[in-house]
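In: Fold the following and give me the result.
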Amino acid sequence: MNTKITAAVLAAATATIALSGCGLKEGLTEKANGHVKTVGYATGAEGKRDKDARLPEWVPDGAASVTEVIRTTGSERLLKFTGTLPALCVPGAAATQAATLSAQWWPQGQESRTDKVCGEWHVLVQGSDVYAFKPETLVSTRS
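Out: Got it, this is the predicted structure:
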């Protein structure tokens, strides 16, 4: 009888570990990095119509090739488009917070080279490409 109970407990424990393995990895990723969504638009005007993505209002309607990486569990964002900056973007200090998001088109450490500010965004113009970083502003209460 003890052998049957031990075998049943062992089988249940193995099944629990095997079934929770997928959730464990996703949970660790969630805690470390949050969920991330990438969006792309032909123009700034098109991006502003997508209320789920919340493309910033300062992005010109005529901006082209707009790509944004969004942390869906926070406020951090990376943005790139082709175009010019509006007058409301002014010279400002580089971001002091490092980006935790990444994208193939975002050069590592780009946020530390920004030299303009558009609201909460730190911006760098390189040729006709505009790179923008919005640091995380939400404070996590999870340990």
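In: residue ranges for the helices of this protein, please.
Out: Ranges of helices within the chain are 2-33, 44-49, based on DSSP state H.
In: I'd like to know how many residues surround the spatially closest residue to Glu120 that is not a sequence neighbour.
Out: Leaving aside its chain neighbours, Glu120 sits nearest to Lys134 (5.5 Å; criterion: CB to CB, 6 or more residues apart in numbering). The C-beta positions use only the backbone N, C-alpha and C, and glycine is treated the same way. The tally of other residues near Lys134 (other CB atoms under 10 Å) stands at 26.
In: and if you look at the one 3 residues further on?
Out: Using other CB under 10 Å, Thr137 has 10 neighbouring residues.
In: With adjacent residues omitted, what lies nearest to it?
Out: Nearest one to Thr137, counting by CB to CB, 6+ apart, is Ser75 at 4.7 Å.
In: For that neighbour, grab the count of nearby residues.
Out: Residues near Ser75, counting by other CB under 10 Å: 13.
In: Quick check: the closest residue to His35 other than its chain neighbours vs Cys118, distance?
Out: Spatial nearest neighbour of His35, excluding adjacent residues (CB to CB, 6+ apart): Thr72 at 4.3 Å. Computed as CB to CB, to the nearest Å, the Thr72 to Cys118 distance reads 22 Å.
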